[in-house]
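Novice: Here is my input, please return the structure:
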Amino acid sequence: MENQARTLPDLLRRSAYKWTGRPAMLIRKGTSFEPLSYSALYETVRRYAGGLRSLGLVQGDRVAILSENCPEWAFADWGAQSLGVTVVPIYPTLPADQVAYIVRDCGAKVVLAGDKTQFEKARSLDGTRAVLLRGEGESLETASASNEIPQAEWEKGSDSIQPEDVATIIYTSGTTGEPKGAMLPHRAYTFLCASAVKTLPVNENDTFLSFLPMSHVYERFGGQVLPLSCGACIAFAKSLASLPNDMIAVKPTIMLCVPRFLEATREKIVDASRKEPSSKQKLFNLALEQGVRHAQGKFAPLFPVTNALVGKKIRERVGGRMRFFVSGGAALAPHVAEFYMAFSLKVLQGYGLTETTAASCLNHPDRIRYWTVGEPFDGVEVKLAGDGEILIRGQSVMKGYWNKQKETDEAIDSEGWFHTGDIGEWEDKFLKITDRKKDLLVLVNGKNIAPQPIEAKLKASPLISEAVVLGDGLEHCIALILPNLERVREALKEKALEEKDDAKLAALPDTRALIKAEVDKVNKGLASFEMVKKFAMLSQPFTIESGELTPSLKVKRKVVKERYKDLIATIS
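Specialist: Below is the predicted model:
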């Protein structure tokens, strides 16, 4: 593409010279945020490059970053990119054995640990040096203060990096098996930056609020590299707990998020409205009804009034300047998108994978079909195979899996098409994801069933938090259902039933009756062979720590089936 940066350090240098005095980042200092200009960021990255070089890292080496989000994570990442050192991000939530697997598999020379807990995970690994990312004593932060590289020497070195050099190795979440390291070259990032702005109108007046894990390719590209490529500013949220206050303080214009965040925020807004006097509840419900009709393109005569009275307050809760949310990482339920759009908050659903550098398709703010994942990015080829599998080709596709040629050959065919494993269909130029190829259920009668749409319908109920539909080798579909126990308690209060123990509450006949009514509602809209004929109740949410969720919050179906095999046997 015209005027496309060659590599990541080339991209940062261009931005630093173009937007010298503009704020590149907002760094938290106590309870407030202080700006860091593009020129100051560039100098900070140069210092961190010196610190990394003092640890013995040279072009072609691998460095792992095992840390929660923080500005130093970004400084180390950009510093490594400027040296031609490949960055291997690792989720800090991963247990020690999985950290050890990734570090050993990629051959990382150094592990940068965000805190002492992460340091302990890494320091026992033979042949790898563990260094704290920040803090006093031996840390990259202190090493960077006294090992600067002269600017001319530093820039000359970064000029030797080539577009095809591997910028990062990102390990897949492992929903279907052993994690694989996707090798993403510099050109994948720079190509997508040049392409994305044609679909996502981002510019130097935008402020991104970053809270998703920087170890995930979605946040790494869309929340870090893309903003800096176009002169925007990045603010770092302190934590998920601080996010509501951070949104008000930062007043972001764009936020990258996952559906679980949007669903949780929606729940909080709805719950807050229920505590208001009845007159305000009625106004909120009217605003929601009129807003959803407006979002769906239907006649909504009261929308201008309700949007001004109620919508303004909802928008203020996310800072008051939000241009749009970008949702990715998992399927977004249409009713969740409609909720935000009811209050004039745009939600742009997109699609991509680690192997395609996160972004392949996205809805444009001026032509949203929120039930789809949008249109392919300029220069990204997308087609459907004969069985409906989505295939992607272009400069954003990985070079392959690290040290796994067999798996690489299985994923990328001889014509360069990456086989995503997702099933889709076209709606004009818009792509719809219908299921995962490997998740398709095959009943004993040979019927193929896509479980994800059924699960989405079940989870649309306010009484259901999670649902996993199963059916392989069975005569009919069954489901494991985690009730929204808070909502169940509210519903059962009317029957004078109050049970504080979650397991006992989930086991109550009254709770089961509530959930059965919700399952029956969903079944009415399904084909007979798709209907959930039996279900079992869970009382404990899926977590990353227990192994049922990937770090990007996808359900590991194989793990769930194994963990609850005895329970499944009672209903199948």
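Novice: ends of stretch 321-331, how far apart?
Specialist: Taking C-alpha to C-alpha, to the nearest Å, the first and last residues of stretch 321-331 lie 25 Å apart.
Novice: mind listing the helices for the stretch 251-400 of the chain?
Specialist: Along the stretch 251-400 of the chain, the stretches classed as helices by DSSP state H, counting those that start in this stretch are 259-274, 278-295, 303-306, 312-317, 334-341.
Novice: and of those helices, who's closest to E68?
Specialist: helix 259-274 (16.6 Å; C-beta to C-beta). Glycine gets a C-beta too; all of them are placed from N, C-alpha and C.
Novice: Same question for that closest one: list its buried residues.
Specialist: The neighbour-count check on helix 259-274 (16 or more other C-beta atoms under 10 Å) flags P259, F261, L262, E263, T265, E267, I269, S273 as buried.
Novice: which regions of the chain sit below the pLDDT cut-off?
Specialist: Across the chain, the ranges flagged by pLDDT under 70 are 1-2, 173-177, 496.
Novice: quick one, strands of the stretch 151-300 of the chain?
Specialist: Taking DSSP state E, counting those that start in this stretch, the strands of the stretch 151-300 of the chain run over residues 166-171, 181-185, 207-210, 233-236, 254-257.
Novice: The stretch 301-450 of the chain now?
Specialist: Secondary structure of the stretch 301-450 of the chain (DSSP E, counting those that start in this stretch): strands at 324-327, 346-351, 361-362, 375-376, 381-384, 389-393, 400-401, 418-427, 430-436, 441-442, 448-449.
Novice: Direction included, what does the first one pair against?
Specialist: The reference is to strand 324-327. In the sheet, strand 324-327 lines up against strand 254-257 (parallel), strand 346-351 (parallel) (DSSP bridges).
Novice: Would you format those strands as TSV with mean neighbour count and distance to V225 included?
Specialist: Formatted as TSV, these follow (neighbours: other C-beta atoms under 10 Å; distance: least, C-beta to C-beta, whole Å):
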stretch	mean neighbour count	distance to V225
strand 254-257	24	12
strand 346-351	24	15
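Novice: still on that earlier bit, save the helices of the stretch 251-400 of the chain as CSV, and put in distance to R134 too.
Specialist: Below are the helices of the stretch 251-400 of the chain laid out as CSV (distance: least, C-beta to C-beta, whole Å):
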stretch, distance to R134
helix 259-274, 26
helix 278-295, 44
helix 303-306, 47
helix 312-317, 32
helix 334-341, 36
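Novice: Determine the set of other helices and strands touching the helix or strand containing L514.
Specialist: Using DSSP states H and E, L514 maps to helix 509-523. Helix 509-523 is packed against helix 451-459, strand 477-483, helix 485-493, strand 532-537, with contacts defined by 3 or more C-beta pairs under 8 Å, 6 or more residues apart in numbering; DSSP states H and E.
Novice: Report the contact partners of L26.
Specialist: By C-beta atoms under 8 Å, 6 or more residues apart in numbering, the residues touching L26 are F33, E34, P35, L36, T207, C233, I234, A235, F236, V250.
Novice: so it, which of the three states?
Specialist: Secondary structure, DSSP: H, G, I helix; E, B strand; the rest coil: L26 is strand.
Novice: Give me the number of neighbouring residues for R104.
Specialist: By other C-beta atoms under 10 Å, 13 other residues sit near R104.
Novice: Figure out the helix or strand that it lives in.
Specialist: R104 belongs to helix 96-106 when assigned by DSSP H and E.
Novice: which parts of stretch 227-243 are buried?
Specialist: Neighbour-count burial for stretch 227-243 flags P227, L228, S229, C230, G231, A232, C233, I234, A235, F236, A237, L243 (criterion: 16+ other C-beta under 10 Å).
Novice: try stretch 245-253
Specialist: The neighbour-count check on stretch 245-253 (16+ other C-beta under 10 Å) flags D246, M247, A249, V250, K251, P252, T253 as buried.
Novice: Compute the distance between the fifth one and L240, please.
Specialist: The span separating K251 from L240 equals 19 Å under the rule C-beta to C-beta, to the nearest Å.
Novice: Also the first one?
Specialist: With distances defined as C-beta to C-beta, the gap from D246 to L240 amounts to 10 Å.
Novice: any common contacting residues for those two?
Specialist: In terms of C-beta under 8 Å, 6+ apart, D246 and L240 are both contacted by the residues F211.
Novice: To E466, which of the helices and strands packed on helix 509-523 lies closest?
Specialist: Ranking the helices and strands packed on helix 509-523 by proximity to E466 (C-beta to C-beta) places strand 477-483 first, at 4.0 Å.
Novice: Residues in contact with the closest one: which ones?
Specialist: Identification of contacts with strand 477-483 by C-beta under 8 Å, 6+ apart yields 441, 443, 449, 451, 454-455, 458, 463-471, 506, 511, 514-515, 519, 530-542, 560, 564, 567-568, 571-572.
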